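Chemist: Got a predicted model here, sequence first, then my questions.
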Amino acid sequence: MGIFIGLLIVALWFLNLGVAMWWTLDWLSPITYLIFLVQTHLFTGLFITAHDAMHGTVAENKRLNRGIGQLCTFLYAFFSYNILYEKHHKHHRHVGTEEDPDHADAPFFRWYLRFVLNYITIYQFLGYAIAFNILKLFLPTENLIVFWIIPSIASTFQLFYFGTYLPHRGEHEVENVHKARSQSKNHIWAFFSCYFFGYHYEHHDKPYLPWWQLYKHK
């Protein structure tokens with residue numbers, strides 16, 4: 001099931017992006033905004049799938065699990081799976097401390113900036129520059145910007161806000177060993193906001209559960 005769901009997200013990402021590249025950009029059409037929102041959500045899905053691979057929950061076969069994770073991090077933003085793997089597990093080991101790469105005792109935008117700068121590299125900028133300049137030879141530049149580049153950036157806000165900032169901000173009770181909280185129970189909103197990762201205490205408590213089973217433990 002993990003392989004099917006992971007590859008389904010990848011396939012839908014390609015499908016929606018393909019539709020977006022041939023869509024005549026019309027700012028008065030609601031379809032333009034729908035395609036944008038769906039693509040943003042699917043970008044988030046790529047990262048969530050890669051995240052699940054880091055916890056070994058996409059496939060039992062380790063090579064296949066890692067391969068799907070690497071594919072998703074590459075499609076998401078030319079990320080290094082190895083770097084993300086090390087930092088994410090460091091987050092779980094040292095959550096809410098100075099050693100936590102995802103944590104910052106700062107207002108939203110300063111925290112977000114630290115969060116993003118902690119992961120991006122010059123190789124990603126080079127990857128985007130090369131890919132963009134090749135793709136624009138065949139595809140509309142405006143569509144590439146609106147439906148490929150901007151949704152990838154927008155999804156970082158989605159991931160950060162629902163998957164890091166809301167769960168980990170502020171003080172936590174001493175007995176809260178995961179220093180994480182969960183959003184109110186609403187499975188529909190939890191899925192569309194961030195693939196159930198608003199149920200964040202549950203993820204830290206049971207990191208072996210894939211995203212599509214987290215709702216069962218809320």
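Modeler: Now that the structure is in, tell me what you want to look at.

Chemist: Assign a three-state SS to Lys185, would you?
Modeler: With DSSP: H, G, I helix; E, B strand; the rest coil as the basis, the three-state label of Lys185 is coil.

Chemist: if I read this right, it contacts Lys216, doesn't it?
Modeler: No: contact criterion CB atoms under 8 Å: Lys185 and Lys216 do not qualify, at 11.6 Å. Bear in mind the C-beta positions are built from the backbone N, C-alpha and C, glycine included.

Chemist: contacting residues around Tyr195?
Modeler: Applying CB atoms under 8 Å, 6 or more residues apart in numbering, we find Tyr195 in contact with Thr44, Gly45, Ile48, Trp211, Trp212.

Chemist: Local confidence estimate at it?
Modeler: As predicted, Tyr195 sits at a pLDDT of 97.

Chemist: and what of Leu139?
Modeler: With respect to pLDDT, Leu139 scores 95.

Chemist: Please identify the helix or strand for Gly56.
Modeler: Per DSSP states H and E, Gly56 falls between elements, in no helix or strand.

Chemist: So it is in contact with Pro210, correct?
Modeler: No: if you go by CB under 8 Å, Gly56 and Pro210 don't touch, sitting 9.8 Å apart.

Chemist: Phi first, then psi, for Arg114.
Modeler: Main-chain dihedrals, Arg114, degrees, to the nearest 10: phi -60, psi -40.

Chemist: which non-adjacent residue is nearest it?
Modeler: Ala104 (4.6 Å; CB to CB, 6 or more residues apart in numbering).

Chemist: Provide the secondary structure category for the one you found.
Modeler: Following three-state DSSP, we place Ala104 in the coil state.

Chemist: For it, give me its contacts.
Modeler: Contacts for Ala104 were tallied using CB under 8 Å, 6+ apart; they are Arg110, Trp111, Arg114, Phe115.

Chemist: try 7 Å this time
Modeler: Going by CB atoms under 7 Å, 6 or more residues apart in numbering, Ala104 touches Arg110, Trp111, Arg114.
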